[in-house]
Structures are given as structure tokens and as C-alpha cells.
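*Asks:* Sharing a model that was predicted from the sequence below.
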Amino acid sequence: MGQLFESVVMAVKAIFQNKTRAFLTMLGIIIGILSVSLMGTAISGIDQVFEKSIESMGQDVLYVEKFPWFMMNDDWWEYRNRPNIEEEYAQQILDRSSTIAFASPSSSRRADVKYGTQAVEAVEINGTTWQEAFITSVKLESGRFFSELEDRYGTRVAVIGYDIKKNLFPDEDPLGNYIMINGNKFRVIGVIAEQGKFLGLMSMDNIVTVPLKAMKSVFGRLRRISISVRPKEGYTVDQAKEELTFIMRGLRKLKPREADNFAINQQEAFRQQFSNIRFAISAVGLGITALSLIVGGIGIMNIMFVSVRERTKEIGIRKAVGAKKSIILFQFLSEAIIISLIGGIIGILITVALVGVVQKFFVAQLSFSLVLISLSVAVLTGIISGIVPANQAARLNPIDAIRYE
Amino acid sequence: MALLELKKVTKVYQIGTVAVHALRGIDLTVEKNEYLSVMGPSGSGKSTLMNVIGCLDTPTSGTYILDGKTVHNDEKKAAENSTNGMLSDDDLAYVRNQKIGFVFQTFNLLPRITALHNVELPLIYAGFHKKERIEMAKEALRKVNLIDRMHHQPNELSGGQRQRVAIARALVNNPSIILADEPTGNLDSKTSQEIMQLLDELQAAGNTIVLVTHETDIANHAHRVVHFLDGLIASDEQTLKGKG
């Protein structure tokens, strides 16, 4: 054990005798570890944000819409020419279906919202029906959602998002007060609990939900209606989706050969898209990591060969006074590992600093296991790139080595 | 029993397609506390002999027993058809560490580490603890009168001082034998005398010394001189000191 410890000490000394060279050698490893830890951080951050965001969409909700959420560019005109989704579909779907519990048409647009002298610009005004409360998993902080009756009569009531409450009613209870939407008075009856930002980017709290009929009376014709649908208890989303497709094709009077001219969207599409993004990030990250680690590893190997050559005489002397092969091997191998490990630690430190900055804009977290993985990768790179030169050193013939000048 | 015993030792180097017979059957016995010089022109095989005795190299054939340990034994090898007659690289390293103290013409100290650390080196590979190591190394440096320079690096020492550090390193492990290969070859005559005096003292204190040199006056410090020629011992005689 003592011998091994001494070998490590000697290895460290050797590195510090050539600081600049060692640092330059480390660069590849630093970049490699930086990219592997940044990638891991980004993915775990995105994962977290994604799960949180997608939860607010409702676990098993289907959306009947004109456009699919993720489309190929060249299909746009085909989608564009489809007939619009009609508000009436919601009731027709409910009438014909045996698997669907709720179907609610909604439409949204942006408008300014005022209260007294305060105003919030470009708020998402979302017109929908009472059923929406049973479809999405949105929770209210206070008050209530509008009733079936208010819905039917188009009563001008509003359920406001957390941001609206914060901006318009900083010190008072918004319930019962009147806000102005596009110059029309709406009574606040509920406040939606804070939801955060969708994928960490767009606020989901800058919203006002009103009855669809009230929205029509204020804005006139509705654009781009989306019908959100929730299956009955005991039916899966897939079963509901199958029936919904059948019903929609019936409503659209499509012949068997004709393609759907509507889209049924669901969370799954996000998941799909998300896993593509995740895969892309991983692939690019892994590519950069692998490349820089290979380059870094070759750099270490090269410098170790130089080091072995430079210290041939030293190796000869050590062998003459009794160093065994394994100890020489260990000494040079630990030199390679330490160079790589220091590179890895520097990479991690840079990552920590970068994550600190990124955290201000986006969820990012450097996990302990990721640090361990990164450092293990660094050590492994050191071993792989150090083993051949170290073995060369260990196998030197002491007579030749000691005469080497 | 003799400290060192070589029987019919040969060494053949293969250089390309040419076989070079460096040793052609050497019989040599060295007793404990003997002071032996090996002389001979270059190419006579004396360096090869030193390498074999120092366990840096193994004979092609023959028997070599050092301090009761069989380093190489042809007959045994043939009889048992195994490698028992020969030591492995690691065994040789162990023998070098425990039984041999080398003193080289070019000192062969490690640069950039102190004299003390250089002397410690064999002890590290012998597995001593740091505290013990430092004590033993200091003791060895005291013997060569260099304790006040122990924190100097080799490049801060004169040639004679460097050679004394090397001698301290050779001594530190209490080896069975000190092998000095042209120890004064890189030193001026005054310093050479000092180094030879030191070796004389060490021998007088009970150490066994084998000295390779081509200078007659250096060789005459020993009690016995062996002359090498063409891989064979040409003469083996007592010096005046040996007789006296």
C-alpha cells in the first residue's frame, strides 16, 4: 500500500513539474466532461419541466382540432384547406358517443384586461364551457368555475389566472370585482392556482377563462375552435380516441377511402415530440462528448508516451533499485488517470458555474449521480489512454533504460 | 558458504543474425566481506558480468547463487523442465532491492528530488513506512558524510557529492553486496581518492564490494583483481593489500 501511495505522489509531482503541458493535455477531457455533464443537466432539467407542464394539460384529454400539434412543413396547405371545427360538434359528439364523458369547445385570443387604472396587455382570453372544469386538471385557488347556467346564458363572468390576480389585484380580493375585457365588464368569480411556465418558457398564468357564449358576444366570430374531450370512467383514452375518430368521420361525412380532415391531438404527441428533442440533445451531446474524449484520450496517450520516453532513465534507475513492473505500471497509469481526473473536475466546476447562470432562466440541475458518472468517465478515459504507455514503461529493460540519455 | 557463486556462466546476445558471446563460461566465487576488482578492456565482458551479478540480466546458461538464493540454475531448469531454476522479473527486482547496492559511473540519481529522497527510493520499493525510511536514509547519508546536504537536489551537488549520495542509496538497504561500476569514471583524481577511501571504509566495516574499473590504481584498492578477456577470466590474483 505504501508503495502505491508513493507512486501516486510521484505521479502528482511529475504532473506539477509540467503544469502547462498537463493543462493543455487536459483540455480535451475538460471539454468532454463539460459536454457530458451539461447534456445530462439539460436533459434532467427538461425532463422535470416537461413532466410538470404536461401534467397541467390533463392526463387523458383528447383535443379535436383542425391542425395537428406537430406537423410536417410540406403538409401545411393540406391542413389549411380543411373545414373548420364547429362549436356544435361538441354536443354532437356527446350525443353519439358511449365512451366520452365530456366534450367542450373552446377558443382563445389575446386581449388587454383592465381593472381600474391597471391593465395587463395581451392576455390569453379563453372561451370555453362549464365542462372544461371537468376535463383539464386545472385547480382553483379561490372562488369557483362558471356553471352550466351561466354558460347557457353567456353571463359575463371570468376565472382569472394567477398572473392576472397578481397584477390587477395586488392587495385586494379579486372575487366579485369587475374587470374590463375589450371594453366589456366581466365579474371575477374564480382564481386559477399558479401553474408556472409551459416548458419553462411561456407563462400559463396569464390567462382569463370566460364562457364561450360571453366571448362570442364580446369578440364576434370565434376563430380556431378546439374541442377538448374526456373519456368516461372505465374507458381508456385509446378507446375514446377510436370512437371519436369514427364520430368525427361521420360528422364530416367522409368516405372510407378518404383521409381524416381533422386532427385528434393528445399529450402523447408532446411526449413523442419531446422524446425526439431529448434524443437529439442526447445524440449531439454524446457525439461531442465521445469526440472530445477520444481527442482528449489520444492527447493523454501521446503525452504519456513522451513522458515515458523522457523518463526512460528514471524508470531504469527505479528498476535497478528494486521497483517491480507492476509499480512502474501503476505509477504511469496513475499519472494518466490523475491528468484525466483533474480535467474532469475542472469540467465539472465549469458546469456548476454554467448551471448557476442557466438556472436563472430555466430549470437546470446538476445531480450528484451525474457528477459521479462524469468523473468515472474521466477516470476510464485516463485508464484507457494510459495503459499502453504505462505498460511500455513497465516493460523497459533496466539495462537499456538506465543507459538511455 | 560463498556469498556469490557463478558456475559455468555464459551469456549470448543475439544482435540481428550474429550471436555475441559476452561470457564464455565464468567460474567465480566471492566470499563475504571480500573486496574484488574486475578489470578488462571494453568488450571483454566485465559489464555483462556486472549486469548478471546485479540481477539486471540473467545468464544464458550456468548457475548463479547469491547469498544462498538461486538466481539462475540450468541443471534445475532442465531437470524439472520448469522455470523454477530462473527467477521472474519481479523476483529479480526483489533481489536487486534486497541484496544489491548499485553505484554507477554516471551516478544515476533522480533529478528534481532531494538527496534524502533519492536515498529513500530503495526503501520505498522495499515497503518501509515513511518514518522508518527517513531515519534509515539519514543514517546512510551520515555514513557518507553528507547529512548536511540531504535537502539538496543532485544538480546542487558536486560530482563527488552526487557519487556519495549514490553510495548512500546503495547502502541504505543493507545489501549483501555493493556493485560499483566505474565509480570514479566521471570524477577528478582528488575526488576519486575520496570516493575510494569511502569504499575502503565501507569494506572495512563489513561490506562486500565488487568494483569494475579499467584504472589500475583504483583496482588496487581491492584485495583481489580479476582480469577479463574475451568473455573469460584471464587472471585472478591477490593484490598487495590482499596479501598484506
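*Replies:* Perfect, thanks for sending it. No experiment lies behind these values; they were computed from the predicted model shown. Residues are numbered from 1 along each chain as shown, chains lettered A, B, ... in the order given.
*Asks:* Let me know the pLDDT of the residue of the stretch 201-350 of chain A found nearest chain B.
*Replies:* Proximity of the stretch 201-350 of chain A to chain B (C-beta to the nearest C-beta) peaks at residue A:322, 2.3 Å away. For glycine as for every other residue, the C-beta is placed from the backbone atoms N, C-alpha and C. Per-residue confidence at residue A:322 stands at 92 (pLDDT).
*Asks:* For the closest residue to it other than its chain neighbours, what is the enclosing helix or strand?
*Replies:* Counting by C-beta to C-beta, 6 or more residues apart in numbering or on different chains, residue A:322 lies nearest to residue B:97, which is 2.3 Å off, once chain neighbours are set aside. Per DSSP states H and E: residue B:97 is located in helix B:89-99.
*Asks:* Residue A:233 reaches residue A:101, doesn't it?
*Replies:* Yes - taking contacts as C-beta atoms under 8 Å, residue A:233 lies within contact range of residue A:101: 7.3 Å.
*Asks:* what about those two, which has more around it?
*Replies:* residue A:101 (17 against 6; other C-beta atoms under 10 Å in any protein chain shown).
*Asks:* quick check, the more buried one in a helix?
*Replies:* No - read with DSSP: H, G, I helix; E, B strand; the rest coil, residue A:101 is strand and lies in no helix.
*Asks:* Name the nearest residue to it, sequence neighbours excluded.
*Replies:* Here the residue nearest residue A:101, using C-beta to C-beta, 6+ apart, is residue A:232, at 4.3 Å.
*Asks:* For the one you found, give me the pLDDT.
*Replies:* You'll see residue A:232 listed with a pLDDT of 91.
*Asks:* List the buried residues for stretch A:17-30?
*Replies:* Buried residues in stretch A:17-30, counted by 16 or more other C-beta atoms under 10 Å in any protein chain shown: A:18, A:22, A:25, A:26, A:27, A:28, A:29, A:30.
*Asks:* Just the closest of the residues you listed to residue B:34, please.
*Replies:* Nearest to residue B:34 among those is residue A:18, at 45.6 Å by C-beta to C-beta.
*Asks:* these two touch, right, residue A:226 and residue A:104?
*Replies:* No - using C-beta under 8 Å as the test, residue A:226 is too far from residue A:104 to be in contact (9.3 Å).
*Asks:* Between these two, tell me which one has more neighbours.
*Replies:* residue A:104 (23 against 19).
*Asks:* Can you tell me how far the more buried one is from residue A:82?
*Replies:* Distance of residue A:104 to residue A:82, given as C-beta to C-beta, to the nearest Å: 21 Å.
*Asks:* Next, the contact list for the residue nearest to residue A:322, please.
*Replies:* Counting by C-beta atoms under 8 Å, 6 or more residues apart in numbering or on different chains, residue B:97 touches A:321, A:322, B:122, B:125, B:126, B:173.
*Asks:* wait, is the last one part of a helix?
*Replies:* No - when the secondary structure is assigned by three-state DSSP, residue B:173 falls in coil instead of a helix.
*Asks:* Spit out the contact partners of the closest residue to it other than its chain neighbours.
*Replies:* Of all residues not flanking residue B:173 in the chain, residue B:122 sits nearest, at 4.8 Å (C-beta to C-beta, 6+ apart). Residues in contact with residue B:122 (C-beta under 8 Å, 6+ apart) are A:321, A:322, B:97, B:169, B:172, B:173.
*Asks:* if you set the cut-off to 10 Å instead, what comes out?
*Replies:* For residue B:122, the contact set (C-beta atoms under 10 Å, 6 or more residues apart in numbering or on different chains) comprises A:318, A:320-323, B:96-98, B:100-102, B:128, B:133, B:136-137, B:140, B:169-173, B:175.
*Asks:* Residue A:160 too?
*Replies:* Residue A:160 neighbours (C-beta under 10 Å, 6+ apart): A:113, A:115, A:120, A:123, A:141, A:143, A:166-169, A:174-175, A:177, A:179, A:186, A:188-192, A:205-210.
*Asks:* Would you map the strands across chain B?
*Replies:* For chain B, the strands defined by DSSP state E occupy B:4-15, B:18-30, B:35-39, B:61-66, B:69-73, B:100-103, B:177-181, B:209-212, B:224-229, B:232-238.
*Asks:* just so I know, which of the ones you listed lies nearest residue A:44?
*Replies:* Per C-beta to C-beta, nearest to residue A:44 of the strands of chain B: strand B:100-103, 58.1 Å.
*Asks:* That closest one packs against which elements?
*Replies:* helix A:312-320, helix B:115-126, helix B:159-171, strand B:177-181, helix B:189-204, strand B:209-212 (3 or more C-beta pairs under 10 Å, 6 or more residues apart in numbering or on different chains; DSSP states H and E).
*Asks:* Could I get these in a markdown table, plus columns for distance to residue A:4?
*Replies:* Formatted as a markdown table, these follow (distance: least, C-beta to C-beta, whole Å):
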| stretch | distance to residue A:4 |
| --- | --- |
| helix A:312-320 | 14 |
| helix B:115-126 | 10 |
| helix B:159-171 | 22 |
| strand B:177-181 | 29 |
| helix B:189-204 | 33 |
| strand B:209-212 | 33 |
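*Asks:* circling back to that earlier point, give the buried residues for the helix holding residue B:97.
*Replies:* Buried, per 16+ other C-beta under 10 Å, within helix B:89-99: B:89, B:92, B:93, B:94, B:95, B:96, B:97, B:98, B:99.
*Asks:* could you give the angle of that helix to strand B:69-73?
*Replies:* 140 degrees (axes from the mean of the first three to the mean of the last three C-alpha atoms, to 10 degrees).
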